[in-house]
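J.: Just to be clear, the model below is a prediction. Sequence and coordinates:
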Amino acid sequence: MNAFIIISLIKALVVAFVLLTAVAYLQWVERKVIAHIQVRMGPYRVGPHGLLQPLADVIKLITEEDLVPPYVNKPLYLFAPFLAVCMALLSIAVIPFGPTINVAGYSTWMQLTDLNIGVLYILAASSMGVYGIALAGWASNNKYALLGGLRSSAQMISYELPMALAIASPLLLSNTLSLRELVGKQAGGILHWNLLPQIVAFFIFLIAAFAETNRVPFDLPEAENELVAGFHVEYSSMKFASFFMAEYLNMVTVSAMGTLLFLGGWDAPWSPQYGANLIPSIIFAISGLTALYHAGHPARKMDKYTFPAFGILFLIVAGVFLLPIVQSWLLPLFWFCAKTGAILFAFIWVRGTLPRFRYDQLMAFAWKFLFPVAMLNLLVTSFLVAWFS
Amino acid sequence: MDVILFLVFAIIAVVSAVNVVVQTHPISSAISLIGVMGSLAVLYLLLGAEFIAAAQVIVYAGAVMVLFIFVILLLNAGAETKGGRSFMVQLLGVPLLIALLGLLAFFVQRFFPRGTMVHFGGFTGGTAQAVGRALFTTYLLPFEVTSLLILIAILGAVVLARKEID
């Protein structure tokens, strides 16, 4: 019992630390990727290639003056960012990152807890998240903030429907609501994943996910050129950062959900007998060798110090992936992170590519196109499942 | 442990429910109502009805109350002023309340004489599978009738909205 509590505490601390660091660096990745899409450099000054930029941002946000405007509804104004972050953090508790891991004789799942209603739990947490934004908009006592809050609540109610329907179709195939069992049912390579039979549901899920997390092209609640900054216009310092964190946490959660529901979770795309276990080593080895090649042809002054260091680091990582002791949990973790990262990259890619929708287009798209298609997909899926079972 | 959790969330539910009526601002009332629904979900969970608990949060706390808040934001409703109580209310309010509580206590005593204590983990029929099976076998007719009712309500809403536009 005591061991269970200690292990759970350690897991919770590790997951929280890794998640919050990942969220901070996700923002760095986003700025870099968008910069490269727009042929710019992106953050470059703080640390090598701007790698310490997230740290600088955090220090800036913490030390900023925490301004509470006199005309706001104070209790709700203070409560809203707290609620947004809490609801965003809650859902990570049921997301599994991999199979069991053995540490000093104890065997434990790479997951905080497994619920047999895991999928519903995440839906519930995400549907509560809208209150943070709606209440922030109202409590700010500002017309732009109110409009942002209004838009966000309308948008989230509308897109929750196609999202829930899109989630229901792969659940019909897997016949479980537990995220861990869901991955177990999809084991055995890309042909067993829910991706191919549920490709329509996957895209509906992705589109609805963009809307649920208020991302471009559905970022109407914070449309700068219409609403100044939308629902968080009156917020500063860490309260503003809370909304930012909540948005990125929701992005991570929704990407992990997509991975678990459609992409087979931590399952390798094809079987190890055709070399799937070598893929991470090959990727890291290629990166390491490329870095070493550039170390031999330095283009800038610091290159002959940084590139060898990174090259050797990548080669060591490639070697670690070949060790049989760690392979049993490191490989699943790699595949899970790779798939989640791919969806996160799609989020950033779309932000760098697409313009914003108009508000009536957004609503018409949800109700007149996405919802009927999701409904039809669910119907066809259930008929086929009934037919073949 | 489950008794403590029950007491905590039962108290939260009752206090929030009273708060819904006491608050003058619609937003505060709505938030108290969310509190009621959230703590009800926890109570369902303590009884072992996990699917109902999740549905409670998703449907009531997550969708219905968001619509409530949305409408309050849309109308930008302000705080209401408390009207003075009428003579009848002042005279009969407390006696009527006591009479109602007494009647309730009497009926509970009369019809559920010796209830066995509900304990955590005693009921295991609350999984999604069990609820689904019950809905589509034992309670198929009520389930279908309810869905028909909802369909009629949707059609009614569409007709009413159309009338406004024309």
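T.: Perfect, thanks for sending it. Just so it is clear, the model here is predicted, and its values are computed rather than measured.

J.: To which secondary structure element is the closest residue to chain B within chain A assigned?
T.: Here chain A gets closest to chain B at one residue, residue A:127, 2.9 Å apart by CB to the nearest CB. Heads up, the C-betas are built off the backbone N, CA and C, glycines and all. Using DSSP states H and E, the element containing residue A:127 is helix A:118-139.

J.: quick one: stretch B:71-84 near chain A?
T.: Yes: legend: contact between stretch B:71-84 and chain A by CB under 8 Å from any CB of the partner chain is shown at B:72, B:73, B:74, B:76.

J.: So which of these are in helices?
T.: Among the residues of stretch B:71-84 next to chain A, the ones falling in helices (DSSP state H) are B:72, B:73, B:74.

J.: how about the spatially closest residue to residue A:69 that is not a sequence neighbour, secondary structure?
T.: Spatial nearest neighbour of residue A:69, excluding adjacent residues (CB to CB, 6 or more residues apart in numbering or on different chains): residue A:234 at 5.5 Å. When classified by DSSP: H, G, I helix; E, B strand; the rest coil, residue A:234 comes out as coil.

J.: Next one: residue A:234 relative to residue A:149, how far apart?
T.: 11 Å (CB to CB, to the nearest Å).

J.: Looking at the two now, which is surrounded by more residues?
T.: Neighbours were counted for residue A:234 and for residue A:149 using other CB atoms under 10 Å in any protein chain shown; residue A:149 has more, 30 against 23.

J.: For the helix or strand harbouring that one, list every residue counted as buried.
T.: If you go by DSSP H and E, residue A:149 is part of helix A:143-174. Within helix A:143-174, the residues scored as buried using 16 or more other CB atoms under 10 Å in any protein chain shown are A:144-174.

J.: neighbouring contacts of the helix or strand just after that helix?
T.: Next in sequence after helix A:143-174, counting helices and strands by DSSP H and E, comes helix A:179-185. Helix A:179-185 is contacted by residues A:94-96, A:109, A:111, A:114, A:118-119, A:170-171, A:173-176, A:260-261, A:264-267 when judged by CB atoms under 8 Å, 6 or more residues apart in numbering or on different chains.

J.: What residues sit buried inside helix A:179-185?
T.: A:179, A:180, A:181, A:182, A:183, A:185.

J.: ok, these vs residue B:133, which is closest?
T.: residue A:181 (18.1 Å; CB to CB).

J.: wait, what's in contact with the residue of chain B found nearest chain A?
T.: Per CB to the nearest CB, residue B:62 is where chain B lies closest to chain A, at 2.9 Å. Residues in contact with residue B:62, defined by CB under 8 Å, 6+ apart, are A:123, A:124, A:127, A:128, A:130, A:160.

J.: let's see it at 10 Å
T.: The neighbours of residue B:62, taking CB atoms under 10 Å, 6 or more residues apart in numbering or on different chains as the test, are A:123-131, A:156-157, A:160, B:34, B:37, B:54-56.

J.: Distance of it relative to residue A:377?
T.: Taking CB to CB, one finds residue B:62 at 23 Å from residue A:377.

J.: Export the buried residues of helix A:179-185 as TSV, with columns for pLDDT and distance to residue A:388.
T.: Formatted as TSV, the buried residues of helix A:179-185 follow (pLDDT from 0 to 100; distance: CB to CB, whole Å):
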residue	pLDDT	distance to residue A:388
A:179	81	24
A:180	81	25
A:181	80	20
A:182	81	19
A:183	81	22
A:185	81	15
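
J.: Which of the helices or strands spans residue A:108?
T.: strand A:106-110.

J.: what is the rounded mean pLDDT of that strand?
T.: Averaged over strand A:106-110, pLDDT sits at 73.

J.: Kindly report the same for stretch A:318-329.
T.: 77.

J.: ditto for stretch A:250-260
T.: 89.

J.: Next one: that stretch, is it in contact with chain B?
T.: No: using CB under 10 Å from any CB of the partner chain, stretch A:250-260 stays clear of chain B, coming no nearer than 14.3 Å.

J.: Name the SS class of the residue positioned nearest the centre of chain B, please.
T.: Nearest residue to the geometric centre of chain B (CA atoms, centre = their mean): residue B:37, 5.9 Å. Following three-state DSSP, residue B:37 is assigned to helix.

J.: For it, list the residues it contacts.
T.: Contacts of residue B:37 (CB under 10 Å, 6+ apart): B:13, B:16, B:56, B:57, B:59, B:60, B:61, B:62, B:64, B:65.

J.: what about the strands in chain A?
T.: Ranges of strands within chain A are A:98-103, A:106-110, based on DSSP state E.

J.: meant to ask about chain B, not that
T.: With DSSP E, there are no strands along chain B.

J.: quick one: low-confidence parts of it?
T.: Scanning chain B with the threshold set as pLDDT under 70 gives B:77, B:82-84, B:113-122, B:164-166.

J.: Next to chain A, which bits of it? Give me the list.
T.: So far as CB under 10 Å from any CB goes, chain B lies against chain A at B:25, B:27-28, B:30-31, B:34, B:38, B:41, B:45, B:50-51, B:53-59, B:61-67, B:69-74, B:76, B:126-129.

J.: Of these, grab the buried ones for ChimeraX.
T.: Buried subset of the residues of chain B next to chain A, written as a ChimeraX selection, criterion 16+ other CB under 10 Å:
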select /B:27,28,30,31,34,38,41,45,50,51,53,54,55,56,57,58,61,62,63,65,66,69,70,72,73,126,127,128
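
J.: Distance from stretch B:139-154 to the middle of the chain?
T.: Taking the mean of its C-alpha atoms, stretch B:139-154 sits 20 Å from the chain's own mean (CA atoms, centre = their mean, to the nearest Å).

J.: give me the number of residues near residue A:13?
T.: Counted with other CB under 10 Å, the neighbours of residue A:13 add up to 10.
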